[in-house]
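[1] Predicted model, plus sequence, below.
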Protein chains: 6
Amino acid sequence: MPQGRIEHCRTGIVGLDEVTAGGLPRGRTTLLSGGPGCGKTLLATEFLVRGAELGEPGLFVPFEETAEEVCANGASLGWDLPALVEDGSLLIDHVAVERDQIEQTGDYSLDGLLVRLGFAIDRIGAKRVVLDTLEVLFSALDDTAVLRAELRRLFGWLKERGVTAIVTAERSGQGITRYGLEEYVSDCVIVLDHRVTDELAVRRMRIVKFRGSRHSSSELPFLIAPGGLSVVPLSRFD
Amino acid sequence: MPQGRIEHCRTGIVGLDEVTAGGLPRGRTTLLSGGPGCGKTLLATEFLVRGAELGEPGLFVPFEETAEEVCANGASLGWDLPALVEDGSLLIDHVAVERDQIEQTGDYSLDGLLVRLGFAIDRIGAKRVVLDTLEVLFSALDDTAVLRAELRRLFGWLKERGVTAIVTAERSGQGITRYGLEEYVSDCVIVLDHRVTDELAVRRMRIVKFRGSRHSSSELPFLIAPGGLSVVPLSRFD
Amino acid sequence: MPQGRIEHCRTGIVGLDEVTAGGLPRGRTTLLSGGPGCGKTLLATEFLVRGAELGEPGLFVPFEETAEEVCANGASLGWDLPALVEDGSLLIDHVAVERDQIEQTGDYSLDGLLVRLGFAIDRIGAKRVVLDTLEVLFSALDDTAVLRAELRRLFGWLKERGVTAIVTAERSGQGITRYGLEEYVSDCVIVLDHRVTDELAVRRMRIVKFRGSRHSSSELPFLIAPGGLSVVPLSRFD
Amino acid sequence: MPQGRIEHCRTGIVGLDEVTAGGLPRGRTTLLSGGPGCGKTLLATEFLVRGAELGEPGLFVPFEETAEEVCANGASLGWDLPALVEDGSLLIDHVAVERDQIEQTGDYSLDGLLVRLGFAIDRIGAKRVVLDTLEVLFSALDDTAVLRAELRRLFGWLKERGVTAIVTAERSGQGITRYGLEEYVSDCVIVLDHRVTDELAVRRMRIVKFRGSRHSSSELPFLIAPGGLSVVPLSRFD
Amino acid sequence: MPQGRIEHCRTGIVGLDEVTAGGLPRGRTTLLSGGPGCGKTLLATEFLVRGAELGEPGLFVPFEETAEEVCANGASLGWDLPALVEDGSLLIDHVAVERDQIEQTGDYSLDGLLVRLGFAIDRIGAKRVVLDTLEVLFSALDDTAVLRAELRRLFGWLKERGVTAIVTAERSGQGITRYGLEEYVSDCVIVLDHRVTDELAVRRMRIVKFRGSRHSSSELPFLIAPGGLSVVPLSRFD
Amino acid sequence: MPQGRIEHCRTGIVGLDEVTAGGLPRGRTTLLSGGPGCGKTLLATEFLVRGAELGEPGLFVPFEETAEEVCANGASLGWDLPALVEDGSLLIDHVAVERDQIEQTGDYSLDGLLVRLGFAIDRIGAKRVVLDTLEVLFSALDDTAVLRAELRRLFGWLKERGVTAIVTAERSGQGITRYGLEEYVSDCVIVLDHRVTDELAVRRMRIVKFRGSRHSSSELPFLIAPGGLSVVPLSRFD
Ligand SMILES: Nc1ncnc2c1ncn2[C@@H]1O[C@H](COP(=O)(O)OP(=O)(O)O)[C@@H](O)[C@H]1O
Ligand SMILES: Nc1ncnc2c1ncn2[C@@H]1O[C@H](COP(=O)(O)OP(=O)(O)O)[C@@H](O)[C@H]1O
Ligand SMILES: Nc1ncnc2c1ncn2[C@@H]1O[C@H](COP(=O)(O)OP(=O)(O)O)[C@@H](O)[C@H]1O
Ligand SMILES: Nc1ncnc2c1ncn2[C@@H]1O[C@H](COP(=O)(O)OP(=O)(O)O)[C@@H](O)[C@H]1O
Ligand SMILES: Nc1ncnc2c1ncn2[C@@H]1O[C@H](COP(=O)(O)OP(=O)(O)O)[C@@H](O)[C@H]1O
Ligand SMILES: Nc1ncnc2c1ncn2[C@@H]1O[C@H](COP(=O)(O)OP(=O)(O)O)[C@@H](O)[C@H]1O
Ligand SMILES: [Mg+2]
Ligand SMILES: [Mg+2]
Ligand SMILES: [Mg+2]
Ligand SMILES: [Mg+2]
Ligand SMILES: [Mg+2]
Ligand SMILES: [Mg+2]
């Protein structure tokens, strides 16, 4: 039986590697949750951009935005995603989930998705994977026991492929996620927030959970600006 | 693959273009949400009025008000909507959704609406479109997975037509929208508010999300007065 | 296409016309919402009493009180409703909704009611109409999409008849109405409140929405006393 | 058509007649709501005790306590209920609602109860009636539209019989009653409260609604002590 | 008809008899509600221990703990329950409710339980009875009207047998009990609490209701320590 | 009938034995509840690590993590779990619950699990058992009466086997557990918390319930650091 510790996968995002003792859990999946516009997609995108720079090809699977839209949004921060796509260090594979698919099967087939993911990962030798966003995959499941099993299956499959993954999730009310169980199944959970206090909005990040590693647990301010995100490492480990 | 950034579409509404770095996302759909009477319909109307002035014809599709009512309401702010209709820079196409339609099909047909929208857009060469209000379209859908897919379809269709659109939405409780998922599917989300503090009501606007652009994220006071709306650009980018 | 502004219909209630820039929207329906005993029925009654004085005959349709009860309640404020009934400037038409009707049809028939309203309006040439209270009409509807369509039908029918109407609604929890959508469908929404602060109860009115007109948006104290209601116009337009 | 005002029925309870401008609405039904142990049954009982003293025979219909229990509870305040029963000025008619009745009919039959009430009223020429508690009657109804109609029927029947009635109701959460609609159907609503503030419990009464009469609307402290209840008339009319 | 007052049954628990004007209602049932670990079972056990000392044999019916467990838990406070069992002043009758029973009948049969209770009461001539906890008995009932009728039946049966009973109940959220109606059906209701304020937990007891008797209504601190419970009688009657 | 007191089972976790008067209840099951990442799995793991040191072999049954993952996570605190497995003082038996199992049977079979647990316990002569986490076992049960009976069965089985067990549970909202009844069925309940106050996260533990023993009831800060957990025994017994 292996004795190995958790390895960290450098994100390359300013401040984030410091407060995670070196990056996200390598070979595992991180759940990135937050309200609309709080920066989930941009953080996940930058994780792939920096990965490309570090020689780790990345696969981006947006369920609700096309490759063109992802590129345009990234361009506003100065990222040249089409160039990365060109040189094979990034693959954007927009998976569209239609009404018919949901209504006919009563369920989105995870099997089909995994086959497609497998091909895409192999094509560019992806070391990093982003799925954006979980809700589209599982919104047709209303049995929480089944949802839980499917989440485990998805995360398990990603682990088997050896990729370091980020999966985004939407918040609902005061909880961390919509169903309130995704965060229990995940190895690492990061929550983004953009709430208004005294009419002013501040962006904050919190690492809620990181199995097998110390990390900051405070609410850390962060910025989105040309170039990318910067997390202010107010506290490293607490 | 195109490298292009997001383009902004000037609204012409006082203060709004300043806090959005130039206007709403061109060729995309903005979700405008708020409680009753907070100014959704007026903001959306002014977007079309200013568009007409800027040479961009507009299509207004109210689901619950007739063209006459829309005109009378606009007149109170000094807008001569009938004149714009006359000169072809505005088309008001009231779509009525009846009880029978809902009960027979169990669902309002988006297909029919899109055909009708297509004709209307072509008729005046509309560059701007307003749908007021989302709830009427989708109130018969109770499966959130299907709702999500239909929202994507509607927004996708509008993008394909190349128009810059505003779709209004109603708030429910503390959330941004009724279902709590519309804001995730949208590229741009603006929330209006008219809440009472110490027995006094103040109007406020917040740009919650704007994919691909910086913008103000604070709560910005705004006024409704003869001539139209004015947003106070307390902070531009934060 | 008509260019006309919204016309105001003087209520004659002390203070109310001042804070609505001249009265309720003529030819449209105002939703009057509030908790038990907050004054909905009395405000609506006074709207008809003053209408009679101004030469505008009124129709009062109470669903849960008989004409005798309405008169007795009004008498305590010094209104001689029977006299108004006598001289044809007021018609009180109590419509009783029985358990059987609800159980057999699963629904109260709006058609039947509209026919009856039509006859009554014609009989006295009513210019003002009060329906008290919406919940009785629609409590058997549990599909919000259908409820919405029916509300639109009722309001539309009243508009077609050219009457200025008040429809009362009950609050539930923190919202404005029971279903939370009535206020979106209405042209004008007024909320009454009689909440206890530090063991003392104060009556307050708020004009939440008035399409096509400026108005006060603050919480305005009001009194119920012999003679009728008086609203304190703390702020006219804000 | 009669021009008559609301008549008041003296309760004889210390302080209560002062804050209601003379007592409860004669010939109508008052809804008395509150949490467990707040004094509903005792207030209603004293209403009958004082009625007996004033020459108005009373009928008490407890659904969950036997006549013996009602008498024992009253005895602790010094009331000799058995004596009143003896001399014909009080009739206690315990109506038991069994599980079988509910399960077989899916509904408690109001018809049967009304027949029984009619006999009992006639037997002693009752002028006052107390039903304790509404929830037992209607707990099997889960359709609010039907519940509403049945409440109207019960209150209507009591009015027709010319009795002045008190019907008790249980609170649920922050609302006034369980269903949140009983208070809208009632002519008069009184809420009792026994909440703890800073570890100390104080009894309070509030007259929420009294159609056709002025009354205190503040929260009025009251006591339960040998002899009966005493309401402190902090404010008479506000 | 009897004129008798409520009799009190001395609990023998330090402080409790003082604040209840002499003890629990004799021959009636007291509902003892509270969160997990707040002391319900221990208070009820001590009620039987002190009863045994006062010559009143007691029956303890735990639904989720065996006699051995009850004894071990009591031992930690120095109570020698096995000795009481030995000398016939205590009978512990663990009633186990299995999954099969619930699933087959869709309902736990109260009839069977009452027969069993009857035998047990007769066997030791029990004057005091404790049922711990109500939720197990009724958790399979989801019709509140039926639940209410069954509660009345249980309490009625216990009254008929002439025993003084305590029945425990679990809290849920802010209410007193899970269903929010148990407290209305009961003659006496005591709530225990063990909430944390400023990181410190304090035990508190409140007598919410006691039909036919004065009592303290404040929140009274209490302790669990070797020997048993002690209630601090901050206020006797308020 | 045995007279024995509760025995304590030393956890060996710094500070925890002090505040529990000697450790967890021997031969009984402790419920360990908390949000994601609050330390449930680590506390339960250390309970087994210290048990191994004290000569009490332990069985760890993770439902959502593999043995490899459990070991890697433990390694970050310096624990050599593979060595313990090697020398027979620890057995990690990952039980995977698949979607098919849930959908076919509509229920996870407790029987099968108990057989498997029995074999595993016997194999290493386990004295300590950890099940991580309850939700996976029971997420397919939606009847709370059945859930309750199954919980009793599981806890009862563990008692019969004479092991001292920890079962982890997930929080939901403000309650202690998801269903709000697990804590009532358990003999001992410990809640972990990692909430943010003023942007800073602090770990806290509270012993909510411990049948048959005194214990601290305050919120006690604790740390996770190389070596393991340390509870700060602010108060021992209160
Ligand atoms: N160029 C930019 N400069 C500053 N902020 C930006 C820029 N582009 C996007 N943003 C911010 O990022 C947000 C979008 O982030 P995104 O990752 O798409 O959110 P999410 O996926 O959580 O909904 C926008 O709402 C905007 O506030
Ligand atoms: N002429 C006016 N002057 C000032 N305020 C106005 C005027 N006309 C309308 N309003 C305000 O605008 C509100 C209506 O705005 P609207 O856009 O219809 O709201 P929504 O669509 O969000 O329900 C009215 O309730 C009123 O407060
Ligand atoms: N003569 C009066 N003097 C003062 N207040 C009165 C008088 N008559 C009625 N009221 C007040 O008006 C309330 C009834 O108002 P009503 O319009 O029937 O309420 P709603 O219809 O909102 O339930 C009563 O509860 C009482 O507080
Ligand atoms: N003799 C008494 N002295 C003081 N208070 C009493 C006396 N008898 C009863 N009470 C109080 O009255 C309450 C019972 O009132 P009751 O009318 O039965 O309440 P409800 O019907 O609202 O549940 C008891 O809980 C107790 O607090
Ligand atoms: N010997 C003791 N000394 C002090 N407190 C004790 C002792 N034994 C038990 N307790 C306390 O009593 C609680 C158990 O009380 P119990 O009556 O079983 O609660 P409930 O039935 O309300 O769940 C334990 O959680 C513990 O806090
Ligand atoms: N080496 C470490 N140093 C400090 N903290 C750690 C270390 N390893 C794990 N943690 C903390 O422990 C948490 C995981 O605890 P765990 O017991 O798995 O939580 P739970 O089972 O309650 O979800 C991580 O989120 C992290 O905060
Ligand atoms: Mg996104
Ligand atoms: Mg509008
Ligand atoms: Mg009314
Ligand atoms: Mg009562
Ligand atoms: Mg207990
Ligand atoms: Mg865990």
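    In hand now; what should we look at? None of the values given here were measured: they were computed from a predicted structure. Ligands and ions are numbered 1, 2, ... in the order given.

[2] only C-alpha atoms for contact and neighbour calcs from this point on.
    Noted.

[3] Using CSV, write down the CA coordinates of the helix or strand containing A:Lys159.
    Per DSSP states H and E, A:Lys159 falls inside helix A:144-160. C-alpha atoms of helix A:144-160 as CSV (Å, rounded to 0.1, in the frame of the first residue of the first chain):
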residue,chain,number,x,y,z
THR,A,144,-29.8,13.0,-4.1
ALA,A,145,-28.6,9.4,-3.5
VAL,A,146,-28.1,9.0,-7.2
LEU,A,147,-26.6,12.4,-7.7
ARG,A,148,-24.0,11.5,-5.0
ALA,A,149,-23.1,8.3,-6.6
GLU,A,150,-22.7,10.0,-10.0
LEU,A,151,-20.5,12.7,-8.5
ARG,A,152,-18.3,10.0,-7.0
ARG,A,153,-18.2,8.3,-10.4
LEU,A,154,-17.2,11.5,-12.2
PHE,A,155,-14.5,12.4,-9.7
GLY,A,156,-13.3,8.8,-9.6
TRP,A,157,-13.0,8.7,-13.4
LEU,A,158,-11.0,11.9,-13.4
LYS,A,159,-8.6,10.5,-10.7
GLU,A,160,-8.1,7.4,-12.8
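
[4] how distant is the very next helix or strand once past it from the center of its chain?
    Next helix or strand after helix A:144-160 toward the C-terminus (DSSP H and E): strand A:164-170. Chain-centre distance of strand A:164-170: 3 Å, with CA atoms, centre = their mean, to the nearest Å.

[5] and what of stretch A:124-143?
    Going by CA atoms, centre = their mean, where stretch A:124-143 is centred and where its chain is centred differ by 9 Å.

[6] Do that stretch and ligand 1 come into contact?
    No: judged by CA under 6 Å from any ligand atom, stretch A:124-143 makes no contact with ligand 1; its nearest approach is 8.0 Å.

[7] about what we covered before: got the angle for the helix holding A:Lys159 vs strand A:164-170?
    150 degrees (axes from the mean of the first three to the mean of the last three CA atoms, to 10 degrees).

[8] Average pLDDT for helix A:144-160, rounded please.
    Mean per-residue pLDDT for helix A:144-160: 93.

[9] Run through who's touching that helix.
    Residues from elsewhere that reach helix A:144-160, judged by CA atoms under 8 Å, 6 or more residues apart in numbering or on different chains: A:27-29, A:110, A:114, A:138, A:141, A:164-165, A:179, A:181-182, A:185-186, F:64, F:97-99, F:102-103, F:136, F:139-140.

[10] Now list the buried members of these.
    With burial judged by 16 or more other CA atoms under 10 Å in any protein chain shown, the buried subset of those is A:27-29, A:138, A:141, A:164-165, A:179, A:181-182, A:185-186, F:64, F:97-99, F:102, F:136, F:139-140.

[11] ok, which stretches of chain A are helices?
    Listed in chain order, the helices of chain A (DSSP state H) span A:16-19, A:40-53, A:67-75, A:81-86, A:99-105, A:110-124, A:134-138, A:144-160, A:182-185.

[12] For chain C, what is the nearest residue in chain A?
    Chain A approaches chain C most closely through A:Gly173 (16.9 Å), counting by CA to the nearest CA.

[13] need the contact list for that residue.
    Taking CA under 8 Å, 6+ apart, one finds B:Gly175 in contact with A:Gly173.

[14] Distance of it relative to ligand 1?
    15 Å (CA to the nearest ligand atom, to the nearest Å).

[15] Counting neighbours, what do you get for A:Gly212?
    A:Gly212: 22 surrounding residues under other CA atoms under 10 Å in any protein chain shown.

[16] Share the number of residues neighbouring the nearest residue to it once chain neighbours are set aside, please.
    Nearest residue to A:Gly212, sequence neighbours excluded (CA to CA, 6 or more residues apart in numbering or on different chains): F:Asn73, at 3.8 Å. For F:Asn73, the neighbour count with other CA under 10 Å is 24.

[17] what does A:Val115 give?
    A:Val115: 11 neighbours (other CA under 10 Å).

[18] Relative to A:Arg178, how far out is the residue nearest to the spatial centre of chain A?
    By CA atoms, centre = their mean, chain A has its centre lying nearest to A:Ile166, at 2.6 Å. Distance, A:Ile166 to A:Arg178, by CA to CA, to the nearest Å: 17 Å.

[19] Same question for A:Glu65.
    20 Å.

[20] More neighbours: which of these two?
    The neighbour comparison of A:Glu65 against A:Arg178 (other CA under 10 Å) goes to A:Glu65, with 20 against 17.

[21] so what's that one closest to, chain neighbours aside?
    Closest residue to A:Glu65 apart from its sequence neighbours, by CA to CA, 6+ apart: A:His94 at 6.8 Å.

[22] What distance do you get for that neighbour to chain D?
    Distance of A:His94 to chain D, given as CA to the nearest CA, to the nearest Å: 47 Å.

[23] got it, and A:Leu43?
    From A:Leu43 across to chain D, the span is 43 Å (CA to the nearest CA).

[24] same deal with A:Ala201?
    Distance from A:Ala201 to chain D, counting by CA to the nearest CA: 32 Å.

[25] what's the answer for A:Gly212, then?
    44 Å.

[26] Show the contacting residues for that residue.
    Counting by CA under 8 Å, 6+ apart, A:Gly212 makes contact with A:Arg5, A:Ile6, F:Ala72, F:Asn73, F:Gly74, F:Ala75, F:Ser76, F:Leu77.

[27] try A:Cys38
    Taking CA under 8 Å, 6+ apart, we find A:Cys38 in contact with A:Leu192, A:Asp193, A:His194, A:Arg203, B:Lys209.

[28] List phi and psi for it.
    phi -80, psi -10 (degrees, to the nearest 10).

[29] any idea of the pLDDT on it?
    Model confidence at A:Cys38 (pLDDT) stands at 97.

[30] Now stretch A:83-101: average pLDDT?
    On average, stretch A:83-101 scores 92.

[31] just checking, what packs against the worst-scoring helix or strand of chain A on mean pLDDT?
    Taking mean pLDDT, DSSP states H and E as the measure, the helix or strand of chain A with the lowest value is helix A:99-105, at a mean of 72. On a contact count with 3 or more CA pairs under 8 Å, 6 or more residues apart in numbering or on different chains; DSSP states H and E, helix A:99-105 meets helix B:144-160.

[32] In the helix it packs on, which residues are buried?
    Those would be B:145-156, B:158-159, for helix B:144-160 by 16+ other CA under 10 Å.

[33] so how far is that helix from its chain's centroid?
    How far helix B:144-160 lies from its chain's middle: 15 Å, per CA atoms, centre = their mean.

[34] and the angle from it to helix B:110-124?
    If you take the same axes, to 10 degrees, helix B:144-160 sits at 20 degrees to helix B:110-124.

[35] Which residues are in contact with the residue in chain A that chain B sits nearest to?
    As assessed by CA to the nearest CA, chain B sits closest to A:Asn73 within chain A, at 3.8 Å. A:Asn73 makes contact with B:Arg5, B:Ile6, B:Arg211, B:Gly212, B:Ser213, according to CA under 8 Å, 6+ apart.
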